[in-house]
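[1] pasting the structure only:
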């Protein structure tokens, strides 16, 4: 029938396409799904080169924990059921350099040798199969992620048969185990094959331990019955025992972290110290449990007695103690909570007006007219002091109306707290704000200081700057005083303070002088720009006052090289058309004077700063003076980006390049006009000699009289037709800097900054201040770590700083990724809190044990770095005695009160010996090993191993039993 179907199928294909020929080959050797599965397993073993015998040096002590493990995974299918086969292997350099075929033919597999190795009993951190069987290399076949567990006995036997056949066909000597039953039970079964030997890996898992098997004598009976050794007497059995005791009640030690005074914070009793510091530490003990493992290694059956009546296993007499700590899951850490609550503000979308309710300024006709009059007064050319009708007075009257109309209970921040915050932000408010001598500017940190590197990396701001203090205040206000409403309220008050300082010429406290620092965050740059505007405005006002006093003393005819000359006051620096044309008329008079070339032209010179060395003008014997020039306009990074975009849009054409050059030459033109005003009768060559000396080339020549003279001329690039310098020089008019149109319009720029600040939402403010908050948090962590000296924390801080720097210095930072940075900081904070908790428990912080302080310090440091730490001297060492006392005090606290009640009812006396020093073991692990012939007396003596685990909710026996397959 099958042959006829194939012929029919071939005939149909030939009818459809005469030129095609169909060949169908069916491999009947792998006809069933079971055989295909075995074949697939064999292919994987060949691909991973696990064929043949393995070689390796004996395992060193602790190598299974400290060594590096590698893992390979492959998917295989049994029909439509998906399995995953995984290869686990300990990396060993010496084993890699050898071949798997170099060993003797009858050598035991490595797995059998590992069964008897005593250097790695009870590894603290390893795969469960490594802990139970002590193997360095093994394979596991487990059901796929979304597949059902292999529960039925028939399926389990089918898989084990497949494993046995695959190992026999390939000659693989690596143990191959199959995961059966539900995954949470961690039940495995499998085998390992060698030349003439086989080891079966078996497992028993129960919820509760049978009563007769809760002690060593019962487990020995199970082991002896299983190996069924016919020899008498039975070869000695090696026994290793570990009891684990859990200390959960850590309240016997006072927790060193002092909680914050929330009552004082909420009541508003807050000073600058509280606002200037971030909280730090865990509110609860981050160490939830302390696990003490007492180990009796390499015992023999006759040395120790442990049965249901009596036990020699006293924890205090155990020769080996080891300790591990279990940290609390997500401990409540103050700094981490502060940062996370602050970060959540980034996701808010409301504006300050939407959060606080009505707009800050009510629209009333009378007051609107006052504001409009104030604005018109500001734009008038006359230098009349404005006292009543100013934007500042209007803003502050609006602030009074807000406070009058808003009920006290509706205010997000009460007045006491708000005043404390403002006094912390602006300490100069207690002084006379107009007194510039009392205003301190933040100095830039030294370039080798930690703060400099941090704010440069994170693009934040110096730690003692106004921006940094504002970030800390916003963080505290958000956490303690009302969340986003309080943040909006504080920001509104801050912007009003900035407006007040601009209107009243009060420099902003806590900002470094000079142009905006582009290494800092944009908000810091904006505040620096506003400070620059205030400085320029104050300079104009000072110049106006000094100019008026000079005119009153010397009269209008006086002239001199001073920057402020009597022709015009500093108040004339304005963009108004009237004043600009007035400057033009003065310039025309100057040009007329220069055209007449009178000898008295020197008296018309204005805006001289100082002579430029011994240089003189080329066309006259007058000295060449350096003029007073306008400073270039400071710019923030957003303005620079805007300017670069405008220049880039001009294109690459000749007209665009010419227009771009003219836009960039505003400062050059201003300097040329100042130079002409300071040096009447000068030429372009004179200007170049001062402004760009390299473009004035001097050469020695011999004149007609035979004397060597020096002649100079402009460089080649200055002689190019259409040169911008020549064009600008012809356009420039002799106008001193004080009478020129301002390159930097401080009034316009200040209003732009204030408008920018007023438009910021709380979420925008949070994004601006996030680098400063992270900067302060990193400094706080480093400060706290300095007292603990934890290597892992220092390494983690470097990684956190690098990660945050990469995110924050991006042009468009992804603030959602900053949550990972905050989580990492919280983890570091928890490690430091764990260190303090351990030091408090072991009496290091209080210096109670001065002689053993160094040893205890090392012990605590190892507890933080390693999964499990050996206790030097076991129960008799300094650390062991402290651990003993902790357990004793915990036992007394837990058991003494019920025992007193019971003694009172029975009328007996208080017997303190009835209270044991240690609680019942939370876990018992027993490891039994021997080497006996099996299954017959004349078989080879092969390793046998049984690992027993007894806990409150689990009873597990993991056995590896070897047998001789040649002599049985």
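    Now that the structure is in, tell me what you want to look at. Bear in mind that the values here come from a model prediction, so they are computed numbers and not experimental data.

[2] can you get me a residue count around residue 893?
    By the criterion of other C-beta atoms under 10 Å, residue 893 has 12 neighbours. Where C-beta positions appear, they are placed from N, C-alpha and C, glycine not excepted.

[3] quickly find the element holding it.
    Here residue 893 sits within helix 878-906, counting by DSSP states H and E.

[4] any idea how far the next helix or strand after that helix is from the middle of the chain?
    As assigned by DSSP H and E, the chain's next helix or strand after helix 878-906 is strand 923-933. Relative to its chain's centre, strand 923-933 lies at 47 Å (C-alpha atoms, centre = their mean, to the nearest Å).

[5] try stretch 513-530
    Its chain's C-alpha centre and that of stretch 513-530 lie 25 Å apart, by C-alpha atoms, centre = their mean.

[6] so which bits of it are buried?
    515-517, 519-530 (16 or more other C-beta atoms under 10 Å).

[7] mind listing what's buried in stretch 823-832?
    Counting neighbours by 16+ other C-beta under 10 Å, stretch 823-832 gives 824-832 as buried.

[8] typed the wrong thing, it's stretch 685-701
    For stretch 685-701, the neighbour count (16+ other C-beta under 10 Å) marks 685-691, 695-696 as buried.

[9] among the residues you listed, which lie within helices?
    Of those, the ones assigned to helices by DSSP state H are 685-691.

[10] where in the stretch 401-550 of the chain is pLDDT low?
    In the predicted model, the stretch 401-550 of the chain carries pLDDT under 70 at residues 401-410, 431-452, 545-550.

[11] so who does residue 164 touch?
    When contacts are counted by C-beta atoms under 8 Å, 6 or more residues apart in numbering, residue 164 is found next to 191, 193.

[12] which helix or strand contains it?
    For residue 164, the host element (DSSP H and E) is helix 153-170.

[13] max-length strand in the protein?
    The longest strand of the chain (DSSP state E) is strand 287-300.

[14] output the contacting helices and strands for that one.
    In this structure, strand 287-300 packs against strand 238-247, strand 320-327, helix 818-841, helix 878-906, with contacts taken as 3 or more C-beta pairs under 8 Å, 6 or more residues apart in numbering; DSSP states H and E.

[15] tell me which of the ones you listed lies nearest to residue 414.
    Each of those has some distance to residue 414 by C-beta to C-beta; the shortest is helix 818-841, at 29.3 Å.

[16] okay, buried residues for the helix or strand following the closest one please.
    Using DSSP H and E, the helix or strand that follows helix 818-841 in sequence is helix 853-865. If you call a residue buried by 16+ other C-beta under 10 Å, then helix 853-865 has these buried ones: 856, 859-861, 863-864.

[17] and for stretch 37-53?
    Buried residues in stretch 37-53, defined by neighbour count with 16+ other C-beta under 10 Å: 37-42, 44-45, 48, 50-51, 53.

[18] repeat for stretch 216-229
    Neighbour counts using 16+ other C-beta under 10 Å place 216, 218-220, 222-224, 226-227, 229 of stretch 216-229 among the buried residues.

[19] gap between that stretch and the chain center?
    The answer for stretch 216-229 is 55 Å, by C-alpha atoms, centre = their mean.

[20] so for that stretch, mean pLDDT?
    Across stretch 216-229, the average pLDDT comes to 91.

[21] find the least confident helix or strand in this structure, judged by mean pLDDT.
    Here the helix or strand of the chain ranked lowest by mean pLDDT, DSSP states H and E is helix 577-596, holding a mean of 38.

[22] chain center to the helix or strand that comes right after it, what's the gap?
    Sequence order places strand 608-616 as the next helix or strand after helix 577-596, per DSSP H and E. Once both centres are worked out by C-alpha atoms, centre = their mean, strand 608-616 turns out to sit 56 Å from its chain's centre.

[23] how about low-confidence regions in the stretch 651-800 of the chain?
    In the stretch 651-800 of the chain (pLDDT under 70), the answer is 651, 654, 656-658, 660-664.

[24] at 80 what do you get?
    The model of the stretch 651-800 of the chain has pLDDT under 80 over residues 651-666, 700-710, 722, 743.

[25] okay, now residue 300: neighbour count?
    Neighbours of residue 300 under the rule other C-beta under 10 Å: 10.

[26] backbone torsions only: list them for residue 963.
    For residue 963, the backbone dihedrals are phi -140, psi 150 (criterion: degrees, to the nearest 10).

[27] how close does it sit to residue 197?
    Distance, residue 963 to residue 197, using C-beta to C-beta, to the nearest Å: 7 Å.

[28] any shared contact partners between the two?
    residue 942.

[29] more neighbours: which of the two?
    Set residue 963 next to residue 197 and count neighbours by other C-beta under 10 Å: residue 197 wins out with 23 against 18.

[30] endpoints of stretch 127-146, how far apart?
    The straight-line separation of the ends of stretch 127-146 (C-alpha to C-alpha, to the nearest Å) is 22 Å.

[31] low-confidence bits of the stretch 801-950 of the chain, can you list those?
    The stretch 801-950 of the chain contains residues with pLDDT under 80 at 810-813, 815, 843-852, 894-915.

[32] check the stretch 201-350 of the chain too.
    Within the stretch 201-350 of the chain, the segments meeting pLDDT under 80 span 229-233, 249-276.

[33] show residues contacting the host helix or strand of residue 225.
    Element membership for residue 225 (DSSP H and E) is helix 216-227. Applying C-beta under 8 Å, 6+ apart, the external contacts of helix 216-227 come out as 210, 212-213, 234, 237, 239, 241, 301, 304-308, 313, 926, 928, 930, 932, 934, 944, 946, 948, 957, 959, 961.

[34] try 6 Å
    212-213, 306-307, 926, 928, 932, 944, 946, 948 (C-beta atoms under 6 Å, 6 or more residues apart in numbering).

[35] in strands only, show me those.
    The strands, defined by DSSP E, take in 926, 928, 932, 944, 946, 948 from the contacts of helix 216-227.

[36] which SS state does the closest residue to the third one other than its chain neighbours fall under?
    I take that to be residue 932. Nearest non-adjacent residue to residue 932, counting by C-beta to C-beta, 6 or more residues apart in numbering: residue 229, 4.3 Å away. Assigned by DSSP: H, G, I helix; E, B strand; the rest coil, the conformation of residue 229 is coil.

[37] wait, isn't residue 229 in contact with residue 931?
    No: Residue 229 is not in contact with residue 931 according to C-beta atoms under 6 Å; the separation is 10.1 Å.

[38] figure out the helix or strand that residue 677 lives in.
    Here residue 677, judged by DSSP H and E, is contained in helix 666-678.

[39] repeat for residue 778
    Taking DSSP H and E as the definition, residue 778 sits inside helix 762-786.

[40] next, the angle from that helix to helix 818-841.
    Relative orientation of helix 762-786 and helix 818-841, computed by axes from the mean of the first three to the mean of the last three C-alpha atoms, to 10 degrees: 30 degrees.

[41] list the buried residues in helix 762-786.
    With burial defined by 16+ other C-beta under 10 Å, the residues of helix 762-786 counted as buried are 762-782, 784-785.

[42] again, but for stretch 75-85
    76, 78, 83-85.

[43] now those residues as JSON lines including distance to residue 430 and pLDDT?
    Formatted as JSON lines, these follow (distance: C-beta to C-beta, whole Å; pLDDT from 0 to 100):
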{"residue": "76", "distance to residue 430": "78", "pLDDT": "93"}
{"residue": "78", "distance to residue 430": "82", "pLDDT": "90"}
{"residue": "83", "distance to residue 430": "76", "pLDDT": "94"}
{"residue": "84", "distance to residue 430": "71", "pLDDT": "94"}
{"residue": "85", "distance to residue 430": "75", "pLDDT": "96"}
